[in-house]
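> can't give you the sequence, but here's the structure:
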């Protein structure tokens with residue numbers, strides 16, 4: 001090995017340059033990638049948290065403004081525009097050949113424009129995206145409206161959007177109900193920047209929520225109309241509102257009011273789950289009739305049963321005298337019940353039977369059309385009650401899932417913040433990436449330890465104001481801290497001007513000794529600039545480094561709320577003692593470190609030292625510069 005410099009001879013210092021090639025650069029890039037991954041994960045967590053919070057807000061608005069669509073539409077569009085980083089947007093509802101802007105978000109002049117002229121007539125604006133959405137019912141995503149066919153065709157409305165409002169990137173998400181377009185959410189950006197797939201999916205979710213809100217409102221409006229026409233249904237509605245998830249009181253109230261208002265002998269409510277018809281509620285049945293119903297139900301629907309016919313035919317079954325029915329399979333039970341006139345109205349959801357409301361008279365006499373319509377209204381209300389209970393259960397489940405997800409996200413963020421506050425960045429990043437704190441457990445590993453401090457700092461701190469001391473330490477720590485992170489060092493602790501760093505744990509590196517030496521060389525160059533600045537201020541300070549290589553026991557030490565990740569062993573002591581022996585500007589390394597870097601750096605021997613706590617004298621070498629990174 002060729003060594004440059006001898007004791008007693010002047011040594012020409014080589015200017016340290018940043019490494020150009022070799023494995024250390026790969027390690028640095030890997031560490032940067034790790035930081036990028038953590039930053040990306042933090043952003044994704046934050047985005048997910050924001051999206052879930054926005055969804056929760058919309059659901060709360062839907063639940064708290066039943067029957068009012070304006071606040072729901074405003075909340076949906078506001079959150080969609082914000083989370084998708086759009087400049088402005090609209091929520092349109094379809095009205096035949098026209099679309100009406102029922103919510104507008106953006107600059108004041110844009111909002112005023114659509115409030116003044118909210119209707120878009122497809123007959124006057126052929127070829128615009130809303131018209132294509134009616135036909136195709138698909139998402140329309142145009143990176144630049146200037147390339148859209150409706151702009152090229154000089155459609156006045158699109159031209160105004162582009163030329164006056166400055167719209168460029170465009171997104172339209174259709175609101176579909178049972179395959180039919182009922183509206184659309186439209187977002188614009190004033191720059192050419194396409195929306196991401198994640199943002200498109202988010203708007204799809206908002207569009208689905210808008211459809212649910214519209215459907216809920218439609219059902220509630222139909223219910224209100226029924227209340228205006230049939231005051232007797234108010235009791236049913238009160239029971240529905242007070243028994244959101246318990247449907248039995250609703251069914252019993254329907255049976256009671258149907259019997260009372262239609263002058264029937266008794267009434268029964270049935271549920272159908274797609275396979276079996278069940279007897280769920282009644283009014284005025286005597287015990288013999290109840291026993292007969294339990295004997296007959298549950299049953300598979302068949303044409304031999306009057307209720308079965310209602311379910312299978314999905315229509316009203318109205319019989320003046322069941323005694324005259326030729327194919328009455330259950331004639332004996334009907335005789336026990338004393339049935340003569342029978343009326344059953346199916347409960348239909350999207351055309352599919354989910355139950356029936358049946359009325360019985362012991363005398364022959366058809367029910368009037370008004371009474372049939374009233375039972376239809378009660379059957380519809382039963383469907384609403386069933387659907388509301390289902391939606392509420394789904395909403396509760398969704399809210400619980402959202403709450404759990406938000407709690408998990410918040411817990412993860414808090415955990416990351418806590419780790420970053422009390423542990424070195426590499427340790428915190430590694431734990432977050434692996435999802436486990438097992439790496440913090442005590443273990444033994446071969447490491448390279450680096451200790452550095454300032455020469456003359458004690459005298460300086462005694463002569464200087466505390467503010468000056470703190471300012472100097474802040475500059476010093478900032479300079480060395482950035483270099484430590486660059487070379488994948490793990491910072492054990494600061495102790496005034498003393499800094500302990502080790503390499504190869506928790507992040508393994510191919511040549512920890514070389515990493516430590518490169519770190520020290522770059523530190524020395526950085527501190528030389530600072531010492532020159534301090535010298536002009538009248539402070540004579542120097543910088544020394546000690547580096548040793550060996551085995552140590554590593555793990556977390558401290559107490560709850562203040563933990564450190566430490567290396568315990570002789571290697572740390574040797575690095576500290578070598579630092580004590582270093583003169584200003586010297587980087588003293590042990591023989592084991594030299595063996596790992598002797599083909600890479602230029603050194604000079606400085607003799608042997610009797611180090612405190614070390615039984616045998618230790619030869620030390622001062623690192624002058626890097627001569628090659630080909631190892």
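On my side now, so go ahead. Just so it is clear, the structure is predicted and the values come from calculations on it, not from any experiment.
> Check which helices and strands the longest helix belonging to the chain sits against.
Ordering each helix of the chain by length in residues (DSSP state H) puts helix 369-422 first. Counting contacts by 3 or more CB pairs under 8 Å, 6 or more residues apart in numbering; DSSP states H and E, helix 369-422 packs against helix 23-64, helix 197-229, helix 234-242, helix 248-262, strand 341-349, strand 352-361, helix 425-434, strand 562-568. From N, CA and C alone the C-beta is placed, and that goes for glycine too.
> Please identify the helix or strand for residue 583.
Per DSSP states H and E: residue 583 is located in neither a helix nor a strand.
> before we move on, the earlier item: tell me the angle the longest helix of the chain makes with strand 562-568.
Angle, helix 369-422 to strand 562-568, by axes from the mean of the first three to the mean of the last three CA atoms, to 10 degrees: 50 degrees.
> Report the rounded mean pLDDT for helix 369-422.
Mean pLDDT, helix 369-422: 78.
> could you give the angle of that helix to strand 341-349?
30 degrees.
> Just give me how far helix 369-422 sits from the chain centre.
Relative to its chain's centre, helix 369-422 lies at 18 Å (CA atoms, centre = their mean, to the nearest Å).
> between it and helix 197-229, how big is the angle?
150 degrees.
> Parallel or antiparallel, which strands does the helix or strand harbouring residue 444 pair with?
In the assignment (DSSP H and E), residue 444 maps to strand 443-455. Sheet pairing of strand 443-455 (DSSP bridges) gives strand 498-503 (antiparallel), strand 542-559 (antiparallel).
> Flag every buried residue along it.
Across strand 443-455, burial judged by 16 or more other CB atoms under 10 Å covers 445, 447-455.
> So, low pLDDT: which residues of the stretch 151-300 of the chain?
221-237, 240, 242-244 (pLDDT under 70).
> Strands of the stretch 501-631 of the chain, residue ranges please.
With DSSP state E, counting those that start in this stretch as the criterion, the stretch 501-631 of the chain has strands at 542-559, 562-568, 587-589, 601-609, 618-626.
> okay, now residue 624: neighbour count?
Residue 624: 21 surrounding residues under other CB atoms under 10 Å.
> ok so, going back, helix or strand next in line after the strand holding residue 444, which one?
Going down the chain from strand 443-455, the next helix or strand is helix 457-463, by DSSP H and E.
> For stretch 579-589, buried residues please.
Under the neighbour-count criterion of 16+ other CB under 10 Å, stretch 579-589 has 579, 581-582, 585-589 buried.
> oh, I was asking about stretch 525-537
Across stretch 525-537, burial judged by 16+ other CB under 10 Å covers 526-527, 530-531, 534.
> what do you get for stretch 280-293?
Neighbour-count burial for stretch 280-293, counted by 16+ other CB under 10 Å, picks out 280-283, 285, 289, 292-293.
> quick one: contacts of that stretch?
Contacts with stretch 280-293, where a contact means CB atoms under 8 Å, 6 or more residues apart in numbering, come from 247-248, 251-252, 254-256, 258-259, 265-271, 279, 333, 336-337, 355.
> Go again with 7 Å.
Applying CB atoms under 7 Å, 6 or more residues apart in numbering, the external contacts of stretch 280-293 come out as 248, 251-252, 255-256, 259, 265-271, 279, 333, 336-337.
> Got the domain ranges for the chain?
The record's domain split for the chain, according to automatic domain parsing, is 25-38+424-626, 65-220, 231-379.
> Pretty sure residue 69 sits against residue 218.
No. Assessed by CB atoms under 7 Å, residue 69 is found out of contact with residue 218, at 9.8 Å.
> Those two: which is more packed in?
More neighbours surround residue 69 than the other of residue 69 and residue 218, with 20 against 13 (other CB under 10 Å).
> before we move on, the earlier item: just send the buried residues of strand 443-455 back as JSON lines, with distance to residue 402 and pLDDT too.
Converted to JSON lines, those look like this (distance: CB to CB, whole Å; pLDDT from 0 to 100):
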{"residue": "445", "distance to residue 402": "43", "pLDDT": "92"}
{"residue": "447", "distance to residue 402": "45", "pLDDT": "95"}
{"residue": "448", "distance to residue 402": "48", "pLDDT": "96"}
{"residue": "449", "distance to residue 402": "48", "pLDDT": "96"}
{"residue": "450", "distance to residue 402": "48", "pLDDT": "96"}
{"residue": "451", "distance to residue 402": "50", "pLDDT": "96"}
{"residue": "452", "distance to residue 402": "50", "pLDDT": "96"}
{"residue": "453", "distance to residue 402": "52", "pLDDT": "94"}
{"residue": "454", "distance to residue 402": "53", "pLDDT": "93"}
{"residue": "455", "distance to residue 402": "59", "pLDDT": "89"}
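> Need the phi and psi values for residue 120.
As for residue 120, its main-chain torsions (degrees, to the nearest 10) stand at phi -110, psi 110.
> Let me see the contact set for it.
By CB under 7 Å, 6+ apart, the contact list for residue 120 reads 98-99, 130, 157.
> just those now: which is nearest residue 487?
Closest approach to residue 487 among the contacts of residue 120 (CB to CB): residue 130, at 58.0 Å.
> Tell me, how many residues neighbour the closest one?
For residue 130, the count of nearby residues is 24 (other CB under 10 Å).
> Please look at it and residue 184 and confirm they touch.
Yes. Taking contacts as CB under 7 Å, residue 130 lies within contact range of residue 184: 6.4 Å.
> which residues do those two both contact?
residue 92.
> how distant is the host helix or strand of residue 170 from the center of its chain?
In this structure, residue 170 sits in strand 169-177 according to DSSP H and E. Computed by CA atoms, centre = their mean, the chain-centroid distance of strand 169-177 equals 22 Å.
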